[in-house]
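> Quick one, fold the following:
(one chain, ligands or ions: 1)
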Amino acid sequence: MSFPYQIKSFEDYKASYKKSVDQPEVFWGEIADNFAWKKKWDKVLEWNFTEPKIEWFKGGKLNITENCLDRHLELSGDVPAIIWEANNPTEKSRTLTYKELHFKVMQFANVLKNNGVQKGDRVCIYMGMIPELAIATLACARIGAIHSIIFGGFSAQAIADRLDDAKAEFIITADGAFRGAKDIPLKSVVDDVLIGNHTVKKVIVYTRTRVPISMIKDRDIWWEDEVEKVEAQGNPFCPAESMDSEDPLFILYTSGSTGKPKGVVHSTAGYMIWANYTFVNVFQYRPGQVHFCTADIGWITGHSYIIYGPLSSGATSLMFEGVPTYPDAGRFWDIVDKFKVNILYTAPTAIRSLMAFGTDILKDKNLSSLEVLGTVGEPINEEAWHWYNKNIGKEKCPIVDTWWQTETGAAMISNMANVTPSKPTYATLPMPGVQLALRDEQGNIIEGNGVSGNLCITFPWPGMIRTTYGDHERCKQTYFSTYENNYFTGDGCLRDEEGMYRITGRVDDVLNVSGHRIGTAELENAINMHTGVIESAIVGYPHDLKGQGIYAYVILDGVHHESEELTRKDILQTITRIIGAIAKPDKIQFVSGLP
Ligand code: WT7
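The predicted structure follows:
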């Protein structure tokens, strides 16, 4: 593939940015012309931020899987689309070429159809990081079903809440997942989810760990059996459903400042173009490069930079099942070496945790294939930035610091590798199409340089959130009501003397723990569900590895608590039940009044 919209110089960036502001419809219309459409759009953009109503490429018809798969077949059918590395380094890695992935996606799309999944249906996917997760995701998109991927670390209760909210009737899962030294019993968690549930019609189970699992007749079916049935039907083809530009592609739940997670809804055309445009420009992707994004597909980073961005570009996307420290802290570097990774995109929290193991482990690793490094998820501290630059990039790889959110779909503020200037700890400059404003508490726009304020976006971009599933008012309240006619990010931000942006962290009641969003209200609710707890308050505190740690103040009713230590552990169990282990506080302090 060639990318005529790939920005080549700082001058080019400035010109593109200007055009995106002066003539947004011309700008995005020209970019959209590079994709596969079943029917071109009638109008590039219609919008208002008051309802809000955002429509990009209205009237257009397309299918994102034709852009991610079919259109690459002729010239790049034998190029690896996905390279997969197992949790255990002794297990054989797998490669799926574009041809193979296309075939498997169509096959599994037919499995979905055979089981009654229709366009517009919501399908929950709860799997580990295996190629079948990408196959299931794309198969949903193939037939126009709306996928909602749930991170493997969430509890049964958290899944049940999301399932109910999305009114999903189908679940795709696996028997289990391998992650580091432990196995995650995925199906058994799903079984807990489904106790008393009468709305889920089918659970499709892929065999990964082959732990003994319960399989309920008529409801639970094996992935492999269903694939055999499709093979027996003898039709390997599955047409790509014709989708409207604004048809929802997926729902992804994220925590906010209020109690319950919200289902962020992304569109088909706008999201696709935004994921692709940012992938090609931020990383300056060149055909043939191997891209390794270490995120989990359960988060937006994995959606946009393991699946949709790379595949829509015909790139080779490396997918890793395990964790950075298993079997030892050299695992990422072994993978880079083994697959000659060119672009490595990870989180500051991973860099900091690997830093702690020292540089000895790097001695026998060949990292010379690396050309571009990236970070995402939280502000990166100076020390981690310099360590990454020196020890991993050997001072010859630009580091792109990409600021964005689940709601923004893909990168919003970032330097572009070797094209625009970088500055340690700064996300630097907005992508073309991203119009920023800093505002004070009163809503005044803060002009000039050398200032800071609350980060807002004043104009729509193609990949932006369209609604929160089932509750549009919530979308309006959360993002479009704090500042009139602006999207409010919830982040604080500094603009330095040169006009470069540095994100300073959340200004709302959301913590960023190891790059994951934890809503304080959601966590307080979970703690308050524990017997004997009267009230609780969550605050963040600076944490060397996680960026922010979680500190819980808890008031107990004072009756029958044998030992404080045991009560602490009980509370952690309740949190693990209600949300998942990722939300466990680092410290719990019992107090008689809240600070
Ligand atoms: C929040 C969004 C974007 C995918 C991963 C997280 C923080 C994200 C950066 C960065 C400083 C960052 C912000 C943002 N954040 N990237 N490069 N520098 N902060 O997605 O869970 O939706 O969280 O992560 O606070 O609002 P998310």
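> Skipping its backbone neighbours, what lies nearest residue 162 in space?
When the adjacent residues along the chain are set aside, residue 162 lies closest to residue 253, with 5.1 Å between them (C-beta to C-beta, 6 or more residues apart in numbering). Glycine gets a C-beta too; all of them are placed from N, C-alpha and C.
> What of residue 113?
Here the residue nearest residue 113, using C-beta to C-beta, 6+ apart, is residue 143, at 6.1 Å.
> returning to what we had before: how deep is the residue nearest to residue 162 tucked in, by neighbour count?
The tally of other residues near residue 253 (other C-beta atoms under 10 Å) stands at 24.
> One more: residue 573?
With other C-beta under 10 Å as criterion, residue 573 counts 12.
> ok, now residue 342?
So residue 342, with other C-beta under 10 Å, has 22 neighbours.
> which phi and psi does it have?
phi -100, psi -40 (degrees, to the nearest 10).
> Touching, it and residue 284? I think so.
No - between residue 342 and residue 284 there is no contact under C-beta atoms under 8 Å: 10.4 Å.
> so what's in contact with those two at the same time?
residue 372 (C-beta atoms under 8 Å, 6 or more residues apart in numbering).
> so how many other residues sit close to the residue nearest to residue 113?
For residue 143, using other C-beta under 10 Å, the count is 25.
> repeat for residue 557
11.
> Could you export stretch 141-155 as CSV, keeping only the C-alpha atoms?
The C-alpha coordinates for stretch 141-155 follow below in CSV (Å, rounded to 0.1, in the frame of the first residue of the first chain):
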residue,chain,number,x,y,z
ALA,A,141,-17.4,-6.5,11.9
ARG,A,142,-17.7,-8.6,8.8
ILE,A,143,-21.4,-9.2,9.4
GLY,A,144,-22.1,-5.9,11.1
ALA,A,145,-22.5,-7.1,14.6
ILE,A,146,-21.2,-4.7,17.3
HIS,A,147,-18.4,-6.1,19.3
SER,A,148,-17.8,-5.3,22.9
ILE,A,149,-14.5,-6.7,24.1
ILE,A,150,-14.0,-7.1,27.8
PHE,A,151,-10.5,-7.2,29.2
GLY,A,152,-9.6,-10.7,30.6
GLY,A,153,-8.9,-9.2,34.1
PHE,A,154,-12.5,-8.1,34.8
SER,A,155,-14.6,-10.1,37.2
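> Mind listing what's buried along it?
141-155 (16 or more other C-beta atoms under 10 Å).
> same deal with stretch 391-398?
Counting neighbours by 16+ other C-beta under 10 Å, the buried set in stretch 391-398 is 391-393, 397-398.
> which of the residues you listed lies closest to residue 224?
residue 392 (39.3 Å; C-beta to C-beta).
> shouldn't the closest one be in contact with residue 370?
Yes - between residue 392 and residue 370 there is a contact at 6.9 Å, judged by C-beta under 8 Å.
> Quickly list what's touching both of those two.
Joint contacts of residue 392 and residue 370 (C-beta under 8 Å, 6+ apart) are residue 344.
> Am I right that residue 488 falls within a helix?
No - using DSSP: H, G, I helix; E, B strand; the rest coil, the assignment for residue 488 is strand, not a helix.
> What's the local residue count around the nearest residue to it once chain neighbours are set aside?
Leaving out its chain neighbours, the residue that sits closest to residue 488 by C-beta to C-beta, 6+ apart is residue 482, at 4.3 Å. Neighbours of residue 482 under the rule other C-beta under 10 Å: 18.
> pLDDT score assigned to the residue of the stretch 101-250 of the chain found nearest the ligand?
Distance from the ligand to each residue of the stretch 101-250 of the chain (C-beta to the nearest ligand atom) is smallest for residue 151, at 10.5 Å. Residue 151 is assigned a predicted lDDT (pLDDT) of 95.
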